[in-house]
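**Q** can you look at this prediction? I've put the sequence above it.
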Amino acid sequence: MKKNVARMFFELFYKPSLKLDSLSKALGTGERVILAPHHASYADPLLFSLFVPGKPLAVISPSMTQQPWFGRFKSAFDHVVIDQNEPGAADHIDDLWKRTNFLILFPELEPTTTGLLCKISDAAAAAMEKSGARIVTARACNMQFSPFSRMADRLTRKLAPRVTLLAGEAWKLGDYNNAVSGGRYSARRAVESMLNDTMVLGLWDKKPLFDTLLEQRKLWGGSHVVAIEPGSVKTSWNRFITLVMVMRGILLGIAKPGDRVGIMMPNTVATLAMLIATQRADMEPAMINYSMGPRHLRGACEIAKVRVIVTSRRFVDAGNLHHLVEAIEAAGITVKYAEDLVKGLTTLQKLKAALAAKFAKPTPDAEKYAERTALVLFTSGSEGTPKAVALSHLNVQANTAQVRTTLEFYRTDVILGIMPMFHSFGLCTGTIMPLSTGMPVALYPTPLHYKKIPQFSYEVKGTILLGSNAFLSGYARSAEPVDFVELRYAICGGDKMKESMAKMWYDKFGVFIMEGYGVTECSPVVGVNKKGRNKLGSIGMALGGIRISIAPVEGVEEGGRLIVRGPNVMRGYIQADGSITPPPDAGYDTGDIVTVDDEGFITIIGRAKRFAKIGGEMISLAFVEEAVQLVWPDEPHAVVSHTGDESKGEMLVLLTERANADREELRNALTEHGLSELAIPKRVIAVDALPRIGVGKVDYTAAAEIAARE
């Protein structure tokens, strides 16, 4: 009777949808099965017990018996109370196999308070490993919004959210460990990784980005603020969707469905609305990197078949980008100014856009549509000619889910959108991700205002900051300690994080900087450190749903090339004939040389292109750069290789901003640090400023050209 009443309650209010095929198949084998759900709420043990197939025995913690509902419904499901912190808990769990072949076992001892995984129980992991059972991880999607969760103050509370019970792939723990880590992981780490994979599946919104925005408007309400600009200019969901519809109408007047439209604008709400509007008009937005120079820019547009670019006259004037516009127009590309396009709008057009926004409907056959290209981004070109990368809606949505299962994001957060939108980190992670989860993003036009951005952070009460090492260093030097008083943490990406910069942030602001890593081709984040899982010098662990492998490199004894597979990996590179070349089935080769430890922390040794073969030895240019930085810590440096030494082929050249840099002084210091003669730069060139690309990274192509000229 109690079971029927409890089931009716959940069916009436939560209308659970069941996606449990993998669990049913595992149970069909007749072998031992453990359902291991993420602990999203206090009601999870009852909910899963009522709706999964078969007759499970649920293992619950003593704290669960203290919940108000427990006394009424404890007879509605078969359960046993085990304190997994007690000695012998793993043996007590193992004894349960005498009663059943199907256990529900929560690897986390308590429901989450962050939305992320809690600490994994040693007892649960040991019991899973010893049992030889098929492990099926699971998630009660949306229960985090329910009154049963412990996240009431951090998420929008819903009395009766629609719930989906989602099961991940079934694995025996040892088989999973071997497949993912080559058997290196501990049982506890393997369980954590399995749960992360399933959490990504639960958060992965397999829809076009615009459909996700409509859902967020419904969840948060049309008046909810989604973006803040300088001067405390706030944009609500209703205003933003209306702006998208206005720009969609404009775009249909200057291009046709299927075209690629270039967007060359700063970080503003208008830029973001233009991007979404391009998608909604069945066009493909190509984000133009205005820092790459005329030659690279023309080449990028030619490959991507961009025939029209939308920019802003005010932006062109402020950035002194007239030479770029001239180069674009000389290549036969039409340039349209946003100010002119908006000026011609009629009252009727605005009214139609407002009505279209109010009654906007999701995309028909949404999951199929989501396979299409959502963004065209260009690689940085720091080591050569930029490539045009096609990312699908599914790619971008997958990486959003992957990041959300790794880092803490709350409804009270304000993400500082400082990195330029032409950069994948700035666009996908810093702008689209918060927008698609309802968090306000504070947009600032340029990352180069080192004094103004800290003030902007203070004004908007920014809580999360994304930036490159160069930008974060600039803000730290220019800011007052109070400017980042609301900041919870910052992520350093786009370039290697220097320990001195992280220390400066902690000493001055008390802010913890976590290093991450990504590439445009992976939408972009591959790995990131996080609170409780941080290893200085590494870029963290691979995100959930991502599989990495290491390919050997001739001459490199430790580590190898990082290969990445996962739903976030790009559709492919756009070729000159318009076709898209997908990555190999084996995965995307990042070109980075890395090592991976037994816990899964990834450490980058250097770029494959950033190795030089000198005297028969492979020398890491990044390693030499770091050594020089230790000797001369007050100035930035860049090491490149140059074919100029006939006896040894390549030689190393140091470019430095250190005035009167002395090569002999450097040689003596590097020798004391243990560097061999082959790894010491043969030439030292002092420059006023190192060449850099738009996100602050050193432009090594330009640096090599300087080395060749001097």
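**A** Received it, and whenever you're ready, just let me know what you need.

**Q** mind giving me the domain split of the chain?
**A** Taking automatic domain parsing as the domain assignment, the record places the domains of the chain at 2-203, 209-603, 615-709.

**Q** does anything pack onto the lengthiest helix in the chain? Which helices or strands?
**A** Longest helix of the chain, by residue count under DSSP state H: helix 187-203. Applying 3 or more C-beta pairs under 8 Å, 6 or more residues apart in numbering; DSSP states H and E, one finds that helix 187-203 makes contact with strand 33-37, helix 122-131, strand 134-141, strand 164-172, helix 173-181, helix 393-404. C-betas here are computed from N, CA, C, even on glycine.

**Q** columns mean neighbour count, distance to Gln629 and mean pLDDT on top of the ones you listed, output as a markdown table?
**A** Putting the helices and strands packed on helix 187-203 into a markdown table (neighbours: other C-beta atoms under 10 Å; distance: least, C-beta to C-beta, whole Å; pLDDT from 0 to 100) gives the following:
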| stretch | mean neighbour count | distance to Gln629 | mean pLDDT |
| --- | --- | --- | --- |
| strand 33-37 | 27 | 45 | 98 |
| helix 122-131 | 22 | 41 | 96 |
| strand 134-141 | 25 | 43 | 98 |
| strand 164-172 | 21 | 43 | 97 |
| helix 173-181 | 18 | 32 | 92 |
| helix 393-404 | 26 | 29 | 98 |
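
**Q** nearest to Ser538, of those?
**A** Among the helices and strands packed on helix 187-203, helix 173-181 comes nearest to Ser538, with 15.4 Å by C-beta to C-beta.

**Q** other residues contacting that closest one?
**A** Outside of helix 173-181, the residues within contact range by C-beta atoms under 8 Å, 6 or more residues apart in numbering are 128-129, 135, 171, 183-185, 187, 189-191, 193-194, 547, 598, 600.

**Q** how about the helices and strands packed on helix 187-203 in JSON lines, adding distance to Lys2?
**A** Rendered in JSON lines, the data for those read as follows (distance: least, C-beta to C-beta, whole Å):
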{"stretch": "strand 33-37", "distance to Lys2": "21"}
{"stretch": "helix 122-131", "distance to Lys2": "27"}
{"stretch": "strand 134-141", "distance to Lys2": "20"}
{"stretch": "strand 164-172", "distance to Lys2": "20"}
{"stretch": "helix 173-181", "distance to Lys2": "34"}
{"stretch": "helix 393-404", "distance to Lys2": "36"}
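
**Q** those: which one's closest to Leu214?
**A** Taking C-beta to C-beta as the criterion, Leu214 comes closest to helix 393-404 out of the helices and strands packed on helix 187-203, the separation being 13.7 Å.

**Q** packing partners of the closest one?
**A** helix 187-203, helix 209-220, strand 373-378, helix 433-435, strand 525-528.

**Q** okay, the angle between that helix and helix 209-220?
**A** Relative orientation of helix 393-404 with respect to helix 209-220: 40 degrees, computed using axes from the mean of the first three to the mean of the last three C-alpha atoms, to 10 degrees.

**Q** after helix 393-404, which helix or strand is next?
**A** strand 415-417 (DSSP states H and E).

**Q** note down every partner strand of that following strand and its orientation.
**A** Strands adjacent to strand 415-417 in the sheet, as given by DSSP bridges, are strand 441-443 (parallel), strand 464-467 (parallel).

**Q** which helix or strand contains Leu670?
**A** Using DSSP H and E, the element containing Leu670 is helix 663-672.

**Q** repeat for Ala707
**A** With secondary structure defined by DSSP H and E, Ala707 is part of helix 700-709.

**Q** I'd like the strands paired with strand 415-417 laid out as CSV, including mean pLDDT.
**A** Rendered in CSV, the data for the strands paired with strand 415-417 read as follows (pLDDT from 0 to 100):
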stretch, mean pLDDT
strand 441-443, 98
strand 464-467, 97
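
**Q** for stretch 364-379, buried residues please.
**A** By neighbour count on 16 or more other C-beta atoms under 10 Å, the buried set for stretch 364-379 is 366, 369-370, 373-379.

**Q** same deal with stretch 106-114?
**A** Neighbour counts over stretch 106-114 (16+ other C-beta under 10 Å) mark 106-109, 111-112, 114 as buried.

**Q** just give the closest residue to the most centrally placed residue in the chain, not the sequence neighbours.
**A** What sits nearest the mean C-alpha location of the chain, by C-alpha atoms, centre = their mean, is Val525, with 3.7 Å. If the residues on either side of it in the chain are set aside, Val525 comes closest to Gly518, at 4.2 Å by C-beta to C-beta, 6 or more residues apart in numbering.

**Q** mind listing what that neighbour touches?
**A** If you count contacts by C-beta under 8 Å, 6+ apart, Gly518 has them with 424-425, 429, 493-494, 524-526.

**Q** and what about Arg314, helix, strand or coil?
**A** Assigned state for Arg314: helix (three-state reduction, DSSP: H, G, I helix; E, B strand; the rest coil).

**Q** lowest average confidence, helix or strand, in the chain?
**A** Each helix and strand of the chain was given a mean pLDDT (mean pLDDT, DSSP states H and E); the minimum falls on strand 611-614 at a mean of 72.

**Q** noted, bye for now.
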